[in-house]
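*Asks:* How does the following fold in three dimensions:
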Amino acid sequence: MIRSLQICKSTRFPAAIAVAAHLFVAGICIADEPLVKREIVAQPPATGRSVKVDGGYMVPYVEKIPGTDVMFEMIPVPGGEFLMGSPDSEADRSKDEGPQVRIKVEPFWMGKCEVTWGEYRSFMAMYDAFKKMQRLTANAKASNADGPTEKDLRLIKMHAWNDKLAADWNVDAVTSPTPLYDSSFTYGVGEQPNQPAVTITPYAARQYTKWLSGVLGNNYRLPTEAEWEYAARAGTKTAWSFGDDPKQLEDYAWIDSNGDSKTHPVGTKKPNPWGLYDMHGNVAEWTLDQYFPDTYAKLGSGGVDENKAVQWPTKLFPRVVRGGSWLEPAAMSRSAARHPSEDREWKLSDPNIPLSPWWFTEEPATAVGLRVMRPLKPLTPEEKKRVWEADVEDVREDVKDRLREGRGAIGVADQSLPAAVEAAEKLDKQ
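*Replies:* So this is what the prediction gives:
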């Protein structure tokens with residue numbers, strides 16, 4: 001049952017309700033089932049999605065970002081094969097969508113909805129938190145502080161900027177996005193906690209998934225282009241996951257014809273057959289891949305493993321953006337549609353020197369966000385570095401410059417970080 005009341009993602013639910021109630025609130029994107037975290041179960045549930053894998057059944061599960069009331073849901077996606085790209089006969093197709101190539105995909109979980117401001121602001125809050133921990137650590141005295149204070153200070157020091165992080169910052173730590181220089185522009189298309197976060201660069205999106213993985217203890221990342229299209233299609237071969245008739249699109253997507261020049265609360269349109277919302281429209285979504293117009297021709301026609309199909313970036317742009325948005329026409333929301341990013345034009349109003357590694361400023365970036373995925377198999381150390389860190393030297397140097405100048409914030413993100421943030425708040429008030 002869907003309640004017409006829309007409540008923002010950060011709404012505080014009483015604990016008893018959060019565990020026991022069966023609810024789906026439009027715009028929160030939480031399933032009609034108990035809000036508990038469970039990922040693989042021994043037996044398939046009587047209702048709802050499940051995916052059979054070795055050791056049990058993947059099922060939907062809910063994550064709660066520690067230290068907040070913010071929750072999001074992950075949906076299991078089965079492994080399989082599909083034809084990536086569009087056939088020559090598809091209306092409005094572009095040349096970069098072909099020739100079609102058969103891709104093999106492993107099972108994974110996909111975010112039920114796009115990442116919201118409620119979720120992303122939890123990450124943005126790390127800027128002040130890391131700065132505070134750095135200051136408290138720098139000002140700490142070998143004093144006669146009482147036990148609890150010493151314990152809190154040790155916890156803070158584990159997460160604050162230090163010489164080790166300075167030497168190897170991209171391995172051990174997360175850089176948080178700086179405050180917006182002009183929040184009125186970035187938030188102009190919608191800033192409610194249940195609306196998708198936008199204007200986020202690929203580097204910021206990668207660091208968000210690294211931070212999220214650290215505080216939750218699971219491995220989250222951006223999807224590859226192949227994983228994204230596979231999840232968007234949800235077993236279909238048509239232009240959209242519901243068919244080929246664009247007249248039905250407004251039931252499933254916010255696009256230029258009905259978007260009213262702004263983002264909309266996530267999960268308010270119909271989902272695709274696998275229960276994923278806003279795969280068509282609302283905001284476009286980052287993938288891990290570099291954009292090449294001839295990617296599919298280079299891959300060949302058959303049986304390519306998904307991990308061998310990834311076009312790992314070697315330069316700042318263009319990157320692949322998928323899904324279309326409220327800013328774009330219906331054709332761009334098709335499952336096969338590809339959109340290359342443009343780093344310079346998307347930062348024309350940025351007054352920073354060098355330009356911000358965390359934020360864009362222009363259209364169409366005001367309609368570009370992200371969605372997280374989680375592979376069934378945990379990431380290897382090499383994979384973590386590849387999907388979480390800056391992948392080009394220009395970004396690495398820009399971030400380091402800001403850290404050296406005090407214009408950035410960095411700290412260790414692990415499951416004890418929320419406790420360190422709380423300890424810093426307590427010590428700062430003493």
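*Asks:* My understanding was that residue 316 contacts residue 393; is that so?
*Replies:* No. When contacts are counted by Cβ atoms under 8 Å, residue 316 is not listed as touching residue 393 (9.5 Å). No exception for glycine: its C-beta is placed from N, CA and C like everyone else's.
*Asks:* Compare the two (neighbour count), which wins?
*Replies:* More neighbours surround residue 316 than the other of residue 316 and residue 393, with 21 against 10 (other Cβ atoms under 10 Å).
*Asks:* Quick one: classify that one as helix, strand or coil.
*Replies:* Three-state call for residue 316 (DSSP: H, G, I helix; E, B strand; the rest coil): coil.
*Asks:* gap between it and residue 192?
*Replies:* 31 Å (Cβ to Cβ, to the nearest Å).
*Asks:* what does residue 40 give?
*Replies:* Distance of residue 40 to residue 192, given as Cβ to Cβ: 34 Å.
*Asks:* got it, and residue 85?
*Replies:* Going from residue 85 to residue 192 by Cβ to Cβ gives 36 Å.
*Asks:* Then residue 390?
*Replies:* Applying Cβ to Cβ to residue 390 and residue 192 gives a distance of 30 Å.
*Asks:* Between these two, which has more neighbouring residues?
*Replies:* Between residue 390 and residue 192, residue 390 has the larger neighbour count (other Cβ under 10 Å), namely 20 against 17.
*Asks:* Three-state assignment for the more buried one, please.
*Replies:* State at residue 390, reduced to three classes by three-state DSSP: coil.
*Asks:* what are the phi and psi values for residue 271?
*Replies:* Main-chain dihedrals, residue 271, degrees, to the nearest 10: phi -80, psi 170.
*Asks:* Which secondary structure state does the residue nearest to it when sequence neighbours are not counted sit in?
*Replies:* Distances taken as Cβ to Cβ, 6 or more residues apart in numbering put residue 277 closest to residue 271, at 4.8 Å, once the chain neighbours are dropped. What three-state DSSP gives for residue 277 is coil.
*Asks:* So what's the gap between the helix or strand harbouring residue 184 and the chain middle?
*Replies:* Using DSSP states H and E, residue 184 maps to helix 183-186. Counting by Cα atoms, centre = their mean, to the nearest Å, helix 183-186 is centred 20 Å from the centre of its parent chain.
*Asks:* mind listing what's buried in that helix?
*Replies:* By 16 or more other Cβ atoms under 10 Å, the buried positions in helix 183-186 come out as residue 186.
*Asks:* any residues touching that helix, and which ones?
*Replies:* Residues outside helix 183-186 that contact it (Cβ atoms under 8 Å, 6 or more residues apart in numbering): 180, 198-199, 349, 359, 361, 366.
*Asks:* Give me the mean pLDDT for it.
*Replies:* Averaged over helix 183-186, pLDDT sits at 74.
*Asks:* Not counting the next helix or strand after it itself, show me its contacts.
*Replies:* Sequence-wise, the next helix or strand downstream of helix 183-186 (DSSP H and E) is helix 202-216. With Cβ under 8 Å, 6+ apart as the test, helix 202-216 has contacts from 63, 65-66, 115, 120, 123, 126, 174-177, 200, 219-222, 286, 313, 319, 341, 357-359, 370, 372, 384, 387-391, 395, 399, 412-415, 417-418.
*Asks:* what do you get for stretch 225-235?
*Replies:* Contacts for stretch 225-235 (Cβ under 8 Å, 6+ apart): 77, 80, 82, 84, 103, 105, 108, 110, 223, 241, 272-274, 276, 279-280, 285, 287-289, 295, 306, 309-311, 320, 322-323, 335-336, 338, 371, 373.
*Asks:* With just CA atoms, put it into PDB.
*Replies:* This file holds the C-alpha atoms of stretch 225-235, laid out as PDB (Å, rounded to 0.1, in the frame of the first residue of the first chain):
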ATOM      1  CA  GLU A 225      28.000   1.200 -18.000                       C
ATOM      2  CA  ALA A 226      27.100  -2.400 -18.700                       C
ATOM      3  CA  GLU A 227      25.800  -3.000 -15.200                       C
ATOM      4  CA  TRP A 228      23.700   0.200 -15.500                       C
ATOM      5  CA  GLU A 229      22.100  -0.800 -18.800                       C
ATOM      6  CA  TYR A 230      21.500  -4.400 -17.600                       C
ATOM      7  CA  ALA A 231      19.700  -3.100 -14.500                       C
ATOM      8  CA  ALA A 232      17.700  -0.500 -16.500                       C
ATOM      9  CA  ARG A 233      16.500  -3.000 -19.000                       C
ATOM     10  CA  ALA A 234      15.500  -5.500 -16.300                       C
ATOM     11  CA  GLY A 235      15.300  -8.300 -18.800                       C
END
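*Asks:* tell me the contacts of residue 75?
*Replies:* Per Cβ under 8 Å, 6+ apart, neighbours of residue 75: 49, 60, 109-112, 274-276.
*Asks:* What of residue 124?
*Replies:* 176-177, 179.
*Asks:* Check residue 115 too.
*Replies:* Going by Cβ under 8 Å, 6+ apart, residue 115 touches 72, 196-197, 208, 369-372.
*Asks:* what about 7 Å?
*Replies:* Residue 115 sits next to 196-197, 369-372 when contact means Cβ atoms under 7 Å, 6 or more residues apart in numbering.
*Asks:* From these, pick the one nearest residue 90.
*Replies:* residue 371 (23.5 Å; Cβ to Cβ).
*Asks:* Confirm that closest one sits in a helix?
*Replies:* No. Looking at residue 371 with three-state DSSP, it is coil, so not inside a helix.
*Asks:* can you count the residues close to it?
*Replies:* The number of residues near residue 371, taken as other Cβ under 10 Å, comes to 28.
*Asks:* If anything else comes up later, I'll come back, but that's it for now.
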